[in-house]
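Undergrad: Quick one, fold the following:
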Amino acid sequence: MEAYVFAKTVENNKIEESLELLLLKLGGLGKFVSNGNKVLIKPNMFLEASAESGLITHPKLIIALAKMCKELGANTLVGERNGNIHKNFEHYPEIYNYAKVVDFDNEEITLRGPCKDNRVIDFPLPLTKSVEEADVIINVPALRTHVLTKLSNSMKNLMGFLPKFTTKIIHLAGLDDAIVDLNKLINIDLTITDAIYSLSGYYPSDLGQAMYTNFLLASTDPVAIDAIAADIVGYIPDEIDTIRIGNLTGIGISDLKKIYFKGDFKKNTSQKYHHPKSGDDIYRYQDKLNIYCENACEKCRRSLANAIYCFYNENCNLDLDRIKKLNIITGSADLRNIKKGSNLIFGNCSKKYSELGLYIAGCPPLTGQAKNALKKLYMQTFED
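TA: As a prediction, the model looks like this:
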């Protein structure tokens, strides 16, 4: 088996022209979209932000793609799971000349799945009318590093198909495996990665750092395009569980030797993507906080390490004596000598300790939840 991933540098801000040239490498958009098709375009627009922030898919890229779909005679929708998609297009009203913009949170839903041989999702998931009725689905993620999955690109962007609070299901079930199960459920015909502005650093512990990287990727293989993106960002693809598991389960190919990567893109060696903290970085904070993490998995330790790092960064004038009153418990820990203080219980594996303090569920839990919990417990020490 083999896969193809194509790249195109966006020259002189000519996004539409660059997209057309990129898609020609795959045989043209007409290879995927026909007259009368219902096409659903899924950007990453969960947050309200500018294109230059790196936090969303560039609106001009979505407009160019929707225009091409309309010219082929398609009925096109652009969808995301909350109303911020409408806010992000407020300064780009031309989108409405080519597509209807939909908020999945406000659509009818049906339950689908689970797929055969799923890893963790053994129950139906809610999908909206737009997803169910689409003849063609085009995934347009924004490229970024990510605290919980190391990389966010094609495979992870499918979480945005789930409406309202239901994305929590993915976090509670086991994030990486659940993302793979979701990629079995929703068939993506084409992925176009927006790396005009990439996001580097500790997202979503903080908002990361935007870099003007100025390229696009395209592929019909969601695992292969993530593998190429991982290599560009500075990871070995199989270090990222969604990519490794996606390959093992047959969703796509992760072996760079089996992926034909073609195009005019050349990696800018002067630009370095900053990776999130690793799970082992948690041990650097054991002299500041009381951390009980025996047998905790790398993912929970990584989520916590990034939460603690950003907690310190955002609260520079901490009273270290009060910090010492905070205990963090994750995994199956030895609590025989636990110190007196406020307890943060973190992750599904530590649920048995939940009555000891503030418990956050997840596999792993959201880093932002941990950061906010630390702040809450720290502030409580002033009341005690």
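Undergrad: who's in contact with the lowest-mean-pLDDT helix or strand in the chain?
TA: Of all regular secondary-structure elements in the chain, judged by mean pLDDT, DSSP states H and E, the least confident is helix 320-323 with a mean of 82. With Cβ atoms under 8 Å, 6 or more residues apart in numbering as the test, helix 320-323 has contacts from 288, 289, 378, 381, 382. For glycine as for every other residue, the C-beta is placed from the backbone atoms N, C-alpha and C.
Undergrad: sec struct for the last one, please.
TA: Taken by DSSP: H, G, I helix; E, B strand; the rest coil, the conformation at residue 382 corresponds to coil.
Undergrad: What residues does it make contact with?
TA: By Cβ under 8 Å, 6+ apart, the contact list for residue 382 reads residue 322.
Undergrad: I'd like to know how far it sits from residue 325.
TA: Counting by Cβ to Cβ, to the nearest Å, the gap between residue 382 and residue 325 amounts to 10 Å.
Undergrad: picking that back up, of the contacts of helix 320-323, buried ones?
TA: Buried residues within the contacts of helix 320-323, counting neighbours by 16 or more other Cβ atoms under 10 Å: 289, 378, 381.
Undergrad: ok, the first one touching residue 328?
TA: In this case it means residue 289. Yes. If you go by Cβ atoms under 8 Å, residue 289 and residue 328 touch, sitting 5.9 Å apart.
Undergrad: about what we covered before: okay if I get the contacts of helix 320-323 as TSV plus pLDDT?
TA: Conversion of the contacts of helix 320-323 to TSV gives the following (pLDDT from 0 to 100):
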residue	pLDDT
288	84
289	89
378	91
381	85
382	78
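Undergrad: Of the residues you listed, which is the nearest to residue 226?
TA: Minimum distance to residue 226 across the contacts of helix 320-323 is 33.8 Å, recorded for residue 289 (Cβ to Cβ).
Undergrad: and the residue nearest the centre of the chain, what are its phi and psi?
TA: Per Cα atoms, centre = their mean, the C-alpha nearest to the average position across the chain is that of residue 152, at 3.8 Å. The phi and psi values for residue 152, taken as degrees, to the nearest 10, are phi -120, psi 120.
Undergrad: Would you mind measuring from the closest residue to it other than its chain neighbours to residue 67?
TA: The shortest distance from residue 152 to any residue other than its chain neighbours is 4.1 Å, reached at residue 146 (Cβ to Cβ, 6 or more residues apart in numbering). From residue 146 over to residue 67 the distance is 30 Å, taken as Cβ to Cβ.
Undergrad: Comparing those two, which residue is more hemmed in?
TA: A direct count of neighbours by other Cβ atoms under 10 Å for residue 146 and residue 67 places residue 146 higher, at 22 against 18.
Undergrad: correct me, but residue 65 touches residue 95?
TA: No. The pair residue 65 / residue 95 is not scored as a contact, 10.2 Å apart, by Cβ under 8 Å.
Undergrad: and these two? which has more neighbours close in?
TA: When residue 65 is set against residue 95 and neighbours are counted by other Cβ under 10 Å, the residue ahead is residue 65, at 29 against 21.
Undergrad: CA atoms only for the helix or strand hosting that one - export them in PDB, please.
TA: Secondary-structure element containing residue 65, defined by DSSP states H and E: helix 59-71. Once non-C-alpha atoms are left out, helix 59-71 reads as follows in PDB (Å, rounded to 0.1, in the frame of the first residue of the first chain):
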ATOM      1  CA  PRO A  59     -11.400  32.000   6.000                       C
ATOM      2  CA  LYS A  60     -10.000  33.000   2.600                       C
ATOM      3  CA  LEU A  61      -9.000  29.300   2.000                       C
ATOM      4  CA  ILE A  62     -12.600  28.100   2.800                       C
ATOM      5  CA  ILE A  63     -14.000  30.800   0.600                       C
ATOM      6  CA  ALA A  64     -11.800  29.700  -2.300                       C
ATOM      7  CA  LEU A  65     -12.700  26.100  -1.800                       C
ATOM      8  CA  ALA A  66     -16.500  26.800  -1.600                       C
ATOM      9  CA  LYS A  67     -16.200  28.900  -4.700                       C
ATOM     10  CA  MET A  68     -14.600  26.000  -6.600                       C
ATOM     11  CA  CYS A  69     -17.300  23.700  -5.400                       C
ATOM     12  CA  LYS A  70     -20.100  26.000  -6.500                       C
ATOM     13  CA  GLU A  71     -18.500  26.300 -10.000                       C
END
